[in-house]
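> one predicted model, sequence on top.
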Amino acid sequence: MVAGLGIVQLLPPFPRVPWGRHALGVPLIVLGAIVSVTAYREWRRTQTALRRSEPIPQSVLPRILVGTITGVAALSAVVLLVSAVR
């Protein structure tokens, strides 16, 4: 979340890409919110499984993180390339 806020508020605007900061920062802010909610839900599921001596459930967080970070990285490359074209 902090990275997204930093990008939106502190990063200088990209030349010819006025929407670039928001396109990069907003997904990171949303990712932070999703990770916090998902982590709490998975913690609760793990605690329940441990109390019942059941197998620990698999986490979806790695998939969420990989997908979002890969998407933001690809979007960053596009924004940088578009802003560099004269």
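Everything's here; your move. Predicted model only: the values in this text are computed from it and were never measured.

> nearest residue to the residue most central in space within the chain other than its sequence neighbours?
Centroid check for the chain by CA atoms, centre = their mean gives Leu31 as the closest residue, at 3.4 Å. Counting by CB to CB, 6 or more residues apart in numbering, Leu31 lies nearest to Thr68, which is 4.7 Å off, once chain neighbours are set aside. C-beta here means a position set from N, CA and C on the backbone, and glycine is covered the same way.

> in what helix or strand does that neighbour lie?
Thr68 is part of helix 61-84, with elements assigned from DSSP states H and E.

> and that helix, what's buried?
By 16 or more other CB atoms under 10 Å, the buried positions in helix 61-84 come out as Thr68, Val72, Val79.

> tell me the one among those nearest to Pro13.
For those, the closest approach to Pro13 (CB to CB) belongs to Val79, at 10.9 Å.
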